[in-house]
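J.: what follows is a predicted protein model with its sequence.
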Amino acid sequence: MDNSEVELKGASQDAIQYHYDKGNNFYKLWLDENMVYSSALWEEEDTLESAQIRKLDYHIQNAHAQNAKHMLDIGCGWGSLLERLTSHYNAESGVGLTLSQEQVNWVDNLQIPGIDTRLENWQDHQAEKKYDAIISIGAFEHFAKQDLSEADRIEGYRDFFRKCHEWLNDGCYLSLQTIGCGNMTRDQFSEFFATEIFPESDLPRLSEICAASEHLFEITSVRNDRLHYAKTLKQWLKRLRSHKAMVIDTYGLELYKRYEKYFQLAILSFEHFGTMDLYRIGFRRNKEPKVL
């Protein structure tokens, strides 16, 4: 099938900016010092800062991105992974994609050597040259809407893997992190999350990711770290509450209450109910896809 015939009904730029463009200073109040907005990777003595760095290092190693000449970060956030790659892993150049103008402004101000940050959907990306590694952390959740059928959702995800396959050099790796649909049916997904936090987004099942990547990529590793996300959320909630007065004065009571509820419900989903999972998956590019 021609890739141009595939239309992925994922989150629009307006939906992404609804969530991420509250202002960089809002997220700075409760994220770690490197502005990492996804589940950390915890060991016993970690602080939030060290656990987030451990997560970044995990994905860099999972993607074999050490000393990469050219890499791609899909959903680059505030640039923490790009900065880590260039400052500690000798990456020569990289491209970061995001749909948040606030994040583009932030990363541009970091002036990371060799890094090109773009306000661009992955579907529209044109690679000037092949990449040695691709990493995507916390973006895959936005690649499908709730109203899609399972077949359409898998086909949309498959378009993502087709493009990654096209962009990567032979034998190179993709490392993916995404929240997943755990022990629940799709109609049990929180309406609050779907409308108030992440509009136009849905959670993939592990089976859908496997089906979408089949023949294009070999799966090299899979982890479900849902309890790590619960621990991360507890830290964010604690930091948000410590700045309650400032958040309310600057952004209003409604926003504070919305994020407090978001963290509380997400903790329950990851820790107590198991209705949401946290997948970290490694993929190796196959030379020739058997199914297109």
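T.: Perfect, thanks for sending it.
J.: what pLDDT, on average, does the helix or strand hosting L265 get?
T.: Element membership of L265, judged by DSSP states H and E, is helix 253-267. Summarised as a single mean, pLDDT over helix 253-267 is 94.
J.: buried residues, it. List them.
T.: Residues of helix 253-267 classed as buried by neighbour count (16 or more other C-beta atoms under 10 Å): Y256, Y259, Y262, F263, L265, A266, I267. In this view, the C-beta of every residue, glycine as well, is placed from N, C-alpha and C.
J.: between the residues you listed, which sits nearest L72?
T.: A266 (28.1 Å; C-beta to C-beta).
J.: quick one on the thing from earlier: kindly indicate which of the buried residues of helix 253-267 lies nearest F161.
T.: A266 (27.0 Å).
J.: distance of the closest one relative to H272?
T.: From A266 across to H272, the span is 11 Å (C-beta to C-beta, to the nearest Å).
J.: cool, S50 as well?
T.: Distance from S50 to H272, by C-beta to C-beta: 26 Å.
J.: relative orientation of the longest strand belonging to the chain and helix 253-267 in degrees?
T.: In the chain, with assignment by DSSP state E, the single longest strand is strand 168-181. Using axes from the mean of the first three to the mean of the last three C-alpha atoms, to 10 degrees, the inter-axis angle of strand 168-181 relative to helix 253-267 is 100 degrees.
J.: output strand 168-181 as CSV - backbone C-alpha positions only.
T.: Output of strand 168-181 as CSV, limited to C-alpha atoms (Å, rounded to 0.1, in the frame of the first residue of the first chain):
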residue,chain,number,x,y,z
LEU,A,168,16.8,4.2,9.6
ASN,A,169,20.0,2.7,8.3
ASP,A,170,20.1,-1.1,7.9
GLY,A,171,20.4,-2.9,11.2
CYS,A,172,19.8,0.2,13.3
TYR,A,173,17.4,0.5,16.3
LEU,A,174,14.3,2.2,17.5
SER,A,175,13.5,2.6,21.2
LEU,A,176,9.9,3.4,22.1
GLN,A,177,8.2,4.3,25.4
THR,A,178,4.4,4.6,25.6
ILE,A,179,1.6,4.3,28.1
GLY,A,180,-0.5,1.3,27.1
CYS,A,181,-4.0,0.0,27.6
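J.: partners of that strand, with directions?
T.: Strand 168-181 pairs in its sheet with strand 131-137 (parallel), strand 276-285 (antiparallel), by DSSP bridges.
J.: any chance of those strands in CSV, with mean neighbour count and mean pLDDT too?
T.: Below are the strands paired with strand 168-181 laid out as CSV (neighbours: other C-beta atoms under 10 Å; pLDDT from 0 to 100):
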stretch, mean neighbour count, mean pLDDT
strand 131-137, 25, 98
strand 276-285, 22, 97
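J.: out of those strands, flag the one nearest K22.
T.: When the strands paired with strand 168-181 are compared by C-beta to C-beta, strand 131-137 sits nearest K22, at 19.6 Å.
J.: what sits up against the closest one?
T.: 38, 55, 59-60, 63-65, 68-75, 77, 81, 95, 164, 167-169, 172-178 (C-beta atoms under 8 Å, 6 or more residues apart in numbering).
J.: 7 Å - rerun?
T.: The list of residues contacting strand 131-137 from outside it, by C-beta atoms under 7 Å, 6 or more residues apart in numbering, reads 38, 59, 63-65, 68-75, 81, 164, 167-169, 172-177.
J.: next: stretch 64-79.
T.: Stretch 64-79 is contacted by residues 35, 37, 60, 81-82, 85, 89-98, 103, 106-107, 110, 112, 117, 122, 129, 131-139, 167, 173 when judged by C-beta under 7 Å, 6+ apart.
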